[in-house]
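Q: Compute the structure for the input listed below.
(one chain, ligands or ions: 1)
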Amino acid sequence: MAYEVLARKWRPQQFADVVGQDHVTQTLQNAIKASRIAHAYLFVGPRGTGKTSMARLFAKALNCKTGPTTTPCDQCDSCREITAGTSMDVQEIDGASNNGVEQVRELRDNVKFAPAHGKYKIYIIDEVHMLSAGAFNALLKTLEEPPAHVKFFFATTEAHKVLATIVSRCQRFDLRRIPTALIIERLNLIAREEKITLDADAALAIARGAEGGLRDAESALDQLIAFRGNKIAEADVLAVFGLVSRQNLEQLSTAILKGEVSEIIRIIAELDSAGKDMQRLVLELLDHFRMLLITLCAPDSATTLDVIATQLESLKKQAELATPDRLMRIAEVLSQAEDRMRYSLSRRTLVETSLIRCARATTVSVEELLKRLESVRQAFAGGAPALSPAAPARMEPAREAPAAYGPKSVPAPAAPAPAPAAVKPAPSPVAAKPVAAPAPKGDELAALTAGWRDQIIERVRRIVALAGGVLLDARPLAVQGDHVVIGFDPEFARSLERMKVPNYHNALKTVLSAFLKRPVNVDFKLIEPGGDVDMPADHTLEKASGARAPGSPKTRQEWQKDPVVRSTLEFFNGSIVDVRE
Ligand SMILES: [Zn+2]
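A: As a prediction, this is how the structure comes out:
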């Protein structure tokens, strides 16, 4: 005997066998008992939830020799023919096939003839939303005045695409995704009957992978039997299901890497309506991008990845679309999304916005964007031409700053501090040249603060390139006699250590001395969370309280609350490093 796939072999033959759709079977059985059979029924639901099985079962119940009955006999000619799909009176039309119009026209011509054996002529039209306009119209004419012996059973995954004039003539039933527990129960039953050893974990994995579609679960079991024989473990299932979700994953990650936002939205919508777990999706994406990163940065290690050969091939292909920076940025956004997931009311929205951020991060480099913004700002501030690679835009991964930090920003008092943009960086060797208007003694800190990024860091950078980058994590805190105190927030403790390297240290010392026009030493300090650095009272350091005199510049904390700033930070996934007027 030819092998019969499980989904067909185990197709429910009685209403009692139908899994997870009690609300439908109950109503249909009641209608049969009350002899209130409508002309047309519409079965709506995700794929594999039993729409056409339900239609065939209902047809059998109506046309059984003993029928209409809630328990078709499965013995009479009609029952057997319907089960075998050979009944003259029950015709199945696939709305998705090309000959839909022709079949529907034929249907219209034949509908007037009485059924051959059974009581009813029953037309089951699957994927009815796929019918062409012509077929719809032909169908509609028949539906308007169907002969008493004709019944229509429509099935669709997309009810909104079915003409309203058709829907309005039907009794509609919505089939649900089948709960995991019921699918497992069914799988265990089949396994027992088929003499298959199915691990509990394996059954769970199949059910989870099937996402509420019993037919998918049964097909998966078929595949697994073909793949592993009569003993199936969880690992087998993951391998089999991995192929399915991998496809989605690859589509999605390709869309992200190519910056195709509308494709991302489409795929997420599809996954969401298929009942995919958004959190799991994010985790799987994270894992995927991690593998891409390894493939790209450490191709030698890529062979150790837990992937099959074809997966590795496609990873390599995808990696060509990316740079390590992009991948790390994407992974960062994803892991933030993952963090927020459990507190999020709409996971889908969170996933969408996060993935769009990922996509944008790939199309326009944030560094590049900020560089442009910086030159715009410069142009506004002083009418100066854009500074080329100077004043590098500084991005950090967004960190949750402890609420009561010391002052991250030290806004310059308005009057004596040179506006940063007004003073162009000296074109060549920096240290010796006078760079700013001499600062009155008491305002040295203000001058340092104002010129920190554009002048001091930039000049240090020209002496020791890497030191410039490290200093972006710092800011001047105080001038104490001939000592300048440079502060690092606690999270930048490592940057502080790096600045102690002699040539880094000396570069800064040279630049600061030149800037202040007197020899100074440099001290580095870690800023204590929740408090200021201890220092003499006469220093003009803004307190962390956030309170400020009217008219004085906003503090970082205040900017943090500003809606425009907040959305900008959100968009760029950034944090405020410095506040300047
Ligand atoms: Zn029968």
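Q: Please make it C-alpha for all contacts and neighbour counts, starting now.
A: Fine.
Q: Distance check, residue 327 against residue 458.
A: As for residue 327, its distance to residue 458 is 29 Å (criterion: C-alpha to C-alpha, to the nearest Å).
Q: which one of the two has more residues nearby?
A: residue 458 (27 against 24; other C-alpha atoms under 10 Å).
Q: so the more buried one is in which element?
A: Element membership of residue 458 [criterion: DSSP states H and E] is helix 458-463.
Q: Which other helices and strands does that helix contact?
A: With contacts defined as 3 or more C-alpha pairs under 8 Å, 6 or more residues apart in numbering; DSSP states H and E, the packing partners of helix 458-463 are helix 465-471, helix 502-516.
Q: can you give me how far that helix is from the chain middle?
A: 41 Å (C-alpha atoms, centre = their mean, to the nearest Å).
Q: Quick one: mean pLDDT over that helix.
A: Mean pLDDT, computed over helix 458-463, is 83.
Q: ditto for stretch 12-31
A: 93.
Q: residues contacting the spatially most central residue of the chain?
A: Closest to where the C-alpha atoms of the chain average out (C-alpha atoms, centre = their mean) is residue 351, at 3.5 Å. By C-alpha atoms under 8 Å, 6 or more residues apart in numbering, the contact set of residue 351 is 278, 282, 337.
Q: Check residue 502 too.
A: Counting by C-alpha under 8 Å, 6+ apart, residue 502 has no contacts.
Q: Burial check on residue 457, number of neighbours?
A: Applying other C-alpha under 10 Å, we find 28 residues neighbouring residue 457.
Q: sorry, that was for residue 105
A: 19.
Q: Give the residue farthest from the middle of the protein.
A: Distance to the chain centre peaks in the chain at residue 518, reaching 55.4 Å (criterion: C-alpha atoms, centre = their mean).
Q: how close does it sit to the ion?
A: Distance, residue 518 to the ion, by C-alpha to the ion, to the nearest Å: 106 Å.
Q: quick check, that residue in a helix?
A: No: looking at residue 518 with DSSP: H, G, I helix; E, B strand; the rest coil, it is coil, so not inside a helix.
Q: confidence score at it?
A: For residue 518, the pLDDT comes out at 87.
Q: Next, it: phi, psi?
A: When quoted as degrees, to the nearest 10, the phi and psi of residue 518 stand at phi -160, psi 150.
Q: What of residue 114?
A: With angles defined as degrees, to the nearest 10, residue 114 sits at phi -70, psi 160.
Q: State the distance from it to the ion.
A: Going from residue 114 to the ion by C-alpha to the ion gives 19 Å.
Q: Quick check: which element contains residue 338?
A: With DSSP H and E as the test, residue 338 turns up in helix 324-341.
Q: no wait, residue 151
A: Residue 151 is part of strand 150-156 when elements are defined by DSSP H and E.
Q: List the neighbours of that strand that are in contact with it.
A: By C-alpha under 8 Å, 6+ apart, the residues outside strand 150-156 that reach it are 38-45, 51-52, 55, 111, 120-129.
Q: Can you mark which positions in the helix or strand just after it are buried?
A: Using DSSP H and E, the helix or strand that directly follows strand 150-156 along the chain is helix 164-167. Neighbour-count burial for helix 164-167, with 16 or more other C-alpha atoms under 10 Å as criterion, is recorded at 166, 167.
Q: Show me what helix 164-167 is packed against.
A: Judged by 3+ C-alpha pairs under 8 Å, 6+ apart, helix 164-167 is in contact with helix 133-144.
Q: quick one: contacts of whichever strand or helix holds residue 205?
A: Following DSSP H and E, one finds residue 205 within helix 200-210. For helix 200-210, the surrounding residues in contact (C-alpha under 8 Å, 6+ apart) are 180-181, 183-184, 187-188, 216-217, 220-221, 232-238, 241.
Q: Kindly report the residues of the stretch 251-400 of the chain close to the ion.
A: Counting by C-alpha under 5 Å from the ion, the stretch 251-400 of the chain comes close to the ion at no residue.
Q: got any ranges where the stretch 251-400 of the chain has weak pLDDT?
A: The stretch 251-400 of the chain contains residues with pLDDT under 70 at 274-276, 303-311, 361-369, 372, 376, 379-400.
Q: I'd like to know how far the nearest residue to residue 31 once chain neighbours are set aside sits from the ion.
A: What sits nearest to residue 31 in space, not counting adjacent residues and going by C-alpha to C-alpha, 6 or more residues apart in numbering, is residue 37, at 5.9 Å. Computed as C-alpha to the ion, the residue 37 to the ion distance reads 18 Å.
Q: What about residue 37, how many residues nearby?
A: Number of residues near residue 37 (other C-alpha under 10 Å) recorded here: 16.
Q: next one: residue 561
A: 11.
Q: same thing with the one 5 residues further on?
A: Using other C-alpha under 10 Å as the criterion, residue 566 is surrounded by 17 other residues.
Q: how far away is the spatially closest residue to residue 94 that is not a sequence neighbour from residue 257?
A: What sits nearest to residue 94 in space, not counting adjacent residues and going by C-alpha to C-alpha, 6+ apart, is residue 126, at 5.0 Å. Distance, residue 126 to residue 257, by C-alpha to C-alpha: 37 Å.
Q: Next one: the residue in the stretch 301-450 of the chain positioned nearest to the ion from residue 270, what distance?
A: Per C-alpha to the ion, residue 348 is where the stretch 301-450 of the chain lies closest to the ion, at 47.5 Å. Using C-alpha to C-alpha, we find residue 348 at a distance of 11 Å from residue 270.
Q: for residue 443, same thing?
A: In terms of C-alpha to C-alpha, residue 443 sits 61 Å off from residue 270.
Q: Settle it for me: which of those two has more neighbours?
A: residue 443 (19 against 13).
Q: On the three-state scheme, that one is what?
A: What three-state DSSP gives for residue 443 is helix.
Q: Mind jotting down where the strands sit in the stretch 201-350 of the chain?
A: Ranges of strands in the stretch 201-350 of the chain, per DSSP state E, counting those that start in this stretch, are 231-232.
Q: if you skip the residues just before and after it, what's nearest to the residue in it that the ion sits nearest to?
A: Closest residue of the stretch 201-350 of the chain to the ion, C-alpha to the ion: residue 215 (24.9 Å). Excluding the flanking residues, the one nearest residue 215 by C-alpha to C-alpha, 6+ apart is residue 48, at 4.6 Å.
Q: And the contacts of strand 150-156, which of them are buried?
A: Buried residues within these, counting neighbours by 16+ other C-alpha under 10 Å: 39-45, 51-52, 55, 111, 120-129.
Q: Can you flag which of those residues belong to strands?
A: 40, 41, 42, 43, 44, 121, 122, 123, 124, 125, 126 (DSSP state E).
Q: Let's have these in a markdown table, adding pLDDT and distance to the ion.
A: Shown next, in a markdown table, are those (pLDDT from 0 to 100; distance: C-alpha to the ion, whole Å):
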| residue | pLDDT | distance to the ion |
| --- | --- | --- |
| 40 | 93 | 22 |
| 41 | 95 | 21 |
| 42 | 95 | 24 |
| 43 | 96 | 23 |
| 44 | 94 | 26 |
| 121 | 93 | 15 |
| 122 | 93 | 15 |
| 123 | 91 | 18 |
| 124 | 93 | 19 |
| 125 | 92 | 22 |
| 126 | 91 | 23 |
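Q: hey, C-alpha coordinates of stretch 512-530 in PDB?
A: Only the C-alpha atoms of stretch 512-530 are listed here, as PDB (Å, rounded to 0.1, in the frame of the first residue of the first chain):
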ATOM      1  CA  LEU A 512      46.100  72.600  28.100                       C
ATOM      2  CA  SER A 513      49.200  74.600  28.900                       C
ATOM      3  CA  ALA A 514      49.100  76.200  25.500                       C
ATOM      4  CA  PHE A 515      45.400  76.800  25.900                       C
ATOM      5  CA  LEU A 516      45.700  78.500  29.300                       C
ATOM      6  CA  LYS A 517      49.000  80.200  28.400                       C
ATOM      7  CA  ARG A 518      50.700  78.900  31.500                       C
ATOM      8  CA  PRO A 519      52.200  75.600  32.500                       C
ATOM      9  CA  VAL A 520      49.800  73.300  34.100                       C
ATOM     10  CA  ASN A 521      49.600  69.700  35.300                       C
ATOM     11  CA  VAL A 522      46.700  67.400  34.700                       C
ATOM     12  CA  ASP A 523      44.900  65.200  37.200                       C
ATOM     13  CA  PHE A 524      42.300  62.600  36.300                       C
ATOM     14  CA  LYS A 525      39.400  61.900  38.500                       C
ATOM     15  CA  LEU A 526      36.500  59.500  38.500                       C
ATOM     16  CA  ILE A 527      33.300  61.300  39.200                       C
ATOM     17  CA  GLU A 528      31.400  59.700  42.000                       C
ATOM     18  CA  PRO A 529      27.900  58.800  41.100                       C
ATOM     19  CA  GLY A 530      25.400  61.000  42.900                       C
END
